[in-house]
Every structure is written in structure tokens, then in C-alpha cells.
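A.B. asks: This is a predicted model, with the sequence first.
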Amino acid sequence: MNTPVTPSARPPWRPSYWLYFSIQSTGAGIVLWQGLPLYRYLMVGVPEAVPQNPLTLWALLAVTLFQASFWPARAVPPVVGRTARPFLAHLILFAGRMTFVYVGGLFAVVFYVRHAELRFAPWRETLLLAVLFSMFCYTLELERIGRALLEPGAIPGAGGPGKS
């Protein structure tokens, strides 16, 4: 006789690591897509302006998407298979470094080239730091995937031989 499965007997549904990562990538993609105009707006725009510019909305969306998916993803290991893939791992590690170099470079160019035109406002600096922090976290996430591809058994649950 079949006994019905009660809700408490069912394991809770957890999004996979790759769902979290795709949401993070969407947030990072928005920052990369809107990076230069966003930096210009946040650093050179009128400080008293109400943050209703579409660039502010893009930045808030990117940070929200990223942070809402980054922290839960830390509890879920990236499952990459049982065999090492060093070439792919190095490409991903390279992409992670280049992403942060690009974002940091944009920040430096806007900051140093337009230094005399900078207009500071606390909400702008806060949003700018949130964007930079999110991109730093994205770099860490790409490094996490790259390390998992280099040594699949090194990360618990990553699918290495004899690992769960």
C-alpha cells in the first residue's frame, strides 16, 4: 500500500547552483553593459538630483539580482563533473580577473580623468561601492568555479571521485 508523502517528509526545494550563478551573471552583465555611463553618472552627475535616472535603476537592479543570488549560492557547491578540465578552468579564471580589471579600470579612468568634475553625494558613493563590491564577488564566484574545474574533488559536493 502506498503511503502519501507528507510535506514534512519531502526535502525542501533548493535552486541549483547554476540557477544562482545565471542570476549573478545577469547582474554582472548589466554592470558590464552599462558600466561607463553608470560610472559617469554616479561620479560626475548633479549630486542633488533625485536618483530617478534609468542608470540608477539599472545599477540597483544589477546589485539586487547579484546580491540576492550570491549569498545563497555560497551554500551550494558548483557541480562540474568528476574530471578536471584545466583549459576551461583557466578560461573561467581569466574571465573572472578580466571582469574585475575592466570594472576597476573604468572606475579609475572616470575617477582620474574627470577628477576636477567629480560631484559627491552619499547615495551615489554607496551605490558605486555596492556595484564594485558585487563585481568583486562575481570575480570570486568565477574563481570558485575555476578551482572546481581544476580539482573537482576539492570542493565538497563538487562531484569528485568518492565525494558527495
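C.D. replies: Structure received.
A.B. asks: Of all residues in this protein, which one is nearest the centre?
C.D. replies: Within the chain, the residue whose C-alpha comes closest to the C-alpha centroid is Tyr138; the distance, by CA atoms, centre = their mean, is 3.2 Å.
A.B. asks: Now do the residue lying closest to that one once chain neighbours are set aside, the pLDDT please.
C.D. replies: Leaving out its chain neighbours, the residue that sits closest to Tyr138 by CB to CB, 6 or more residues apart in numbering is Ala28, at 4.5 Å. In short, each C-beta sits where N, CA and C put it, glycine included. For Ala28, the pLDDT comes out at 90.
A.B. asks: can you pull out the helices in this protein?
C.D. replies: With DSSP state H, the ranges of helices along the chain come out as 17-44, 54-73, 86-113, 122-150.
A.B. asks: The residue nearest to Tyr138 contacts Met135, correct?
C.D. replies: Yes - with contacts defined as CB atoms under 8 Å, Ala28 counts as touching Met135 at a distance of 6.5 Å.
A.B. asks: what residues are shared contacts of these two?
C.D. replies: When contacts are counted by CB atoms under 8 Å, 6 or more residues apart in numbering, the set common to Ala28 and Met135 consists of Thr99.
A.B. asks: For Val79, which of the helices of the chain is the nearest?
C.D. replies: For the helices of the chain, the distance to Val79 is smallest for helix 17-44, at 6.5 Å, taking CB to CB.
A.B. asks: Show me which residues of the closest one are buried.
C.D. replies: Buried positions in helix 17-44, judged by neighbour count with 16 or more other CB atoms under 10 Å: 17, 20-21, 23-25, 27-28, 30-32, 34-35, 38-44.
A.B. asks: before we move on, what about stretch 145-153?
C.D. replies: Here stretch 145-153 shows Ile145, Gly146, Arg147, Ala148, Leu149, Leu150, Pro152 as buried, counting by 16+ other CB under 10 Å.
A.B. asks: Can you tell me, leaving aside adjacent residues, what's nearest to Val76?
C.D. replies: According to CB to CB, 6+ apart, the nearest residue to Val76 is Tyr17 (4.3 Å).
A.B. asks: check contacts around the one you found.
C.D. replies: With contact set as CB under 8 Å, 6+ apart, Tyr17 has these partners: Ala73, Val76, Pro77, Pro78, Val79.
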